[in-house]
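[1] sequence and predicted model, in that order:
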Amino acid sequence: DDYHHPVATQAGAADTRAMIAAPVVIRGKLEGVVSAINPLGGGIFSAEDLERLSFNAYLMGLMLADTHGL
């Protein structure tokens, strides 16, 4: 029942029932966020889901630093 801005829903986005997010850090600086909504099968995200997303966000930061010479 958290507030959800109606613009996304009006544009055809899926209802957000559950969400997780993890920071993308490049050389110690927050550069972005990776997020996911609505796990397959419904319900909520598990601690393992968050751990997996966090690790992938970490890898993304390393990849972006390497690719862009940051």
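    Looks like it arrived, so ask away. Predicted, not measured: the structure shown is a model, and the values here were computed from it. Numbers count the residues shown, from 1 in each chain.
[2] quick one: which helix or strand includes the most centrally placed residue in the chain?
    Nearest to the geometric centre of the chain sits residue 35, at 1.4 Å (Cα atoms, centre = their mean). In the assignment (DSSP states H and E), residue 35 maps to strand 29-37.
[3] and the contacts of that strand?
    By Cβ atoms under 8 Å, 6 or more residues apart in numbering, the list of residues contacting strand 29-37 from outside reads 14, 16-25, 45, 49, 53, 56-57, 60-61, 64. For every residue, glycine as well, the C-beta is placed using N, CA and C.
[4] and residue 48, backbone torsions?
    Dihedral angles of residue 48 (phi, psi; degrees, to the nearest 10) stand at phi -70, psi -40.
[5] okay, now the sheet partners of the strand holding residue 35, with direction.
    According to DSSP bridges, strand 29-37 forms sheet pairs with strand 19-26 (antiparallel).
[6] just the helices from the protein, written as ranges.
    Counting by DSSP state H, the chain has helices at residues 6-10, 47-67.
[7] quick one: contacts for residue 50?
    Counting by Cβ under 8 Å, 6+ apart, residue 50 touches 20, 22.
[8] number of nearby residues for the nearest residue to residue 4 once chain neighbours are set aside?
    Closest residue in space to residue 4, ignoring its immediate chain neighbours: residue 16 at 5.9 Å, by Cβ to Cβ, 6 or more residues apart in numbering. By the criterion of other Cβ atoms under 10 Å, residue 16 has 13 neighbours.
[9] ok, now residue 24?
    When neighbours are counted by other Cβ under 10 Å, residue 24 comes out with 19.
[10] now do residue 3
    Residue 3, neighbours per other Cβ under 10 Å, totals 5.
[11] from residue 12, how far off is it?
    19 Å (Cβ to Cβ, to the nearest Å).
[12] check contacts around the closest residue to residue 53 other than its chain neighbours.
    Leaving aside its sequence neighbours, residue 53 sits nearest to residue 22 (Cβ to Cβ, 6+ apart; 4.8 Å). Neighbouring residues of residue 22 by Cβ under 8 Å, 6+ apart: 33-35, 50, 53-54, 56-57.
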